[in-house]
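> Sequence first, then the predicted structure, then my questions.
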Amino acid sequence: MKVIYSESHLGHDPQFFVVRGQIRRSNEQPERATTLLKAAERDGHVVVPVGDFGAAPRAAVHSARYLHFLETVFDRWSELDDASPDEVVPNIHPFPGEPCTYPEHLVGQVGFHLGDMACAVGPATWEAATGAAHCATHAAELVMAGERAVYALCRPPGHHAYVERANGFCYLNNTAIAAQHLRRQHARVAVLDIDVHHGNGTQGIFYERSDILTVSLHADPRYMTPFFTGYAHETGSGAGAGYNINRPLPRGMRVDPYLDVLRETLVQIRAFEPGALVIALGLDAYEMDPYKGLAITTEGFHRIMAEIASLGLPTVIVQEGGYLSDALGNNLASALRGFESAA
């Protein structure tokens, strides 16, 4: 399988991350992508340097003012009196439901566009985020050109990013960018998110659309971030009513019951009759991942991805979560082998 990779991610190393009131280095570290790349290379996958596909693919998903903000915010922040010299971090947010005017002041814009304290912006964040978006676009291009499946090794991840809001380590929604790009060739595209966290940004982007089916299997938001979304009653609205499927799962679920739920959702994907599939591959469902929401084993990822491959669809596999553990590289290798075994 071809692997699309960008070295631009290496400069993005966020240090400011708040966990229950404590400031820590982010779990979303450059070593993640390095580990995944080495594992893909060891397993014989062909690494393809990413191409530059310009601004159009990200602009098809994100608003112009948000893209301008991300591109310029670090330099503008650096000009503020008494601003942190290292990273841009929000300290105020609009409250849902209240009247909201787009702020003129940069501090207000930071609070508007950075949704939490897990998406600090450093001097190399924009370059890394656009590199990841190019990876997703490049993978979609190859799939549209006839590849059965392509793996986009995206870092930073993307599925928590909304049209104009960063969230949860995510700045540009790589999964949504790939799905939207595939729409150039296919009338209907399905997104299947198997990250341990709900793909809230992807849901938000496509919530009122019927041409892109969004399906997410994730740890129940009653006990796992993002807490406010990912419930079964969220099924889409307007033209998108019925085209968003959430399957919240109990803490510690193992692979056999997980596969039962997955098979049910694959029936729904087949009924949608998509021309292509995007898998938001989160390896953080692993039993020893730092988040410990689910309990999927290394072998379990093989079984899960083999089941998904049975759909027989042209597929873009986009890397989302999966944090540092001794098994991270082995989990990726197992997942890709599983997909290829059934493709």
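Nice, thanks for sending it over. Numbering: from 1, shown residues only.

> check contacts around S310.
S310 makes contact with 266, 342 under the criterion CB atoms under 8 Å, 6 or more residues apart in numbering. Heads up, the C-betas are built off the backbone N, CA and C, glycines and all.

> per-residue pLDDT, the residue positioned nearest the centre of the chain?
Nearest to the geometric centre of the chain sits H159, at 2.9 Å (CA atoms, centre = their mean). At H159, the pLDDT value in this model is 98.

> pretty sure it is in contact with L172, am I right?
No - counting by CB atoms under 8 Å, L172 is not a contact partner of H159; they are 10.6 Å apart.

> quick check, R247 in a strand?
Yes - secondary structure of R247 (DSSP: H, G, I helix; E, B strand; the rest coil): part of a strand.

> Leaving out chain neighbours, which residue sits closest to it?
Spatially, and ignoring its direct neighbours in sequence, R247 is nearest to L217 (4.7 Å; CB to CB, 6 or more residues apart in numbering).

> any idea how far E307 is from that neighbour?
11 Å (CB to CB, to the nearest Å).

> Could you do E208 as well?
Here E208 is placed at a distance of 30 Å from E307 (CB to CB).

> which SSE is I177 in?
Per DSSP states H and E: I177 is located in helix 174-182.

> Buried residues, stretch 217-225. List them.
Going by neighbour count (16 or more other CB atoms under 10 Å), the buried part of stretch 217-225 is 217-221, 224-225.

> pLDDT on that stretch, on average?
pLDDT averaged over stretch 217-225 gives 97.

> export it as CSV, just CAs?
Only the C-alpha atoms of stretch 217-225 are listed here, as CSV (Å, rounded to 0.1, in the frame of the first residue of the first chain):
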residue,chain,number,x,y,z
LEU,A,217,-17.7,4.3,16.4
HIS,A,218,-16.2,5.8,19.6
ALA,A,219,-16.0,5.7,23.4
ASP,A,220,-19.2,6.9,24.9
PRO,A,221,-19.0,10.7,25.3
ARG,A,222,-20.7,10.4,28.7
TYR,A,223,-17.2,9.5,30.0
MET,A,224,-14.8,10.5,27.2
THR,A,225,-14.0,13.8,25.4
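
> got the contact list for it?
Defining contact as CB under 8 Å, 6+ apart, one finds that stretch 217-225 is touched by 168, 192-199, 227-231, 246-251, 258, 261-262, 265, 285, 291, 293-294.

> Low-confidence ranges, the stretch 101-250 of the chain, go.
Low-confidence segments of the stretch 101-250 of the chain (pLDDT under 70): none present.

> ok, which stretches of it are helices?
Here the stretch 101-250 of the chain has its helices, by DSSP state H, counting those that start in this stretch, at 106-113, 125-144, 174-182, 200-206.

> With respect to burial, which of those helices scores highest?
helix 174-182 (a mean of 31; mean count of other CB atoms under 10 Å).

> ok now stretch 116-133, how far from the chain's centre?
With CA atoms, centre = their mean, to the nearest Å as the basis, stretch 116-133 stands 13 Å off its chain's centre.
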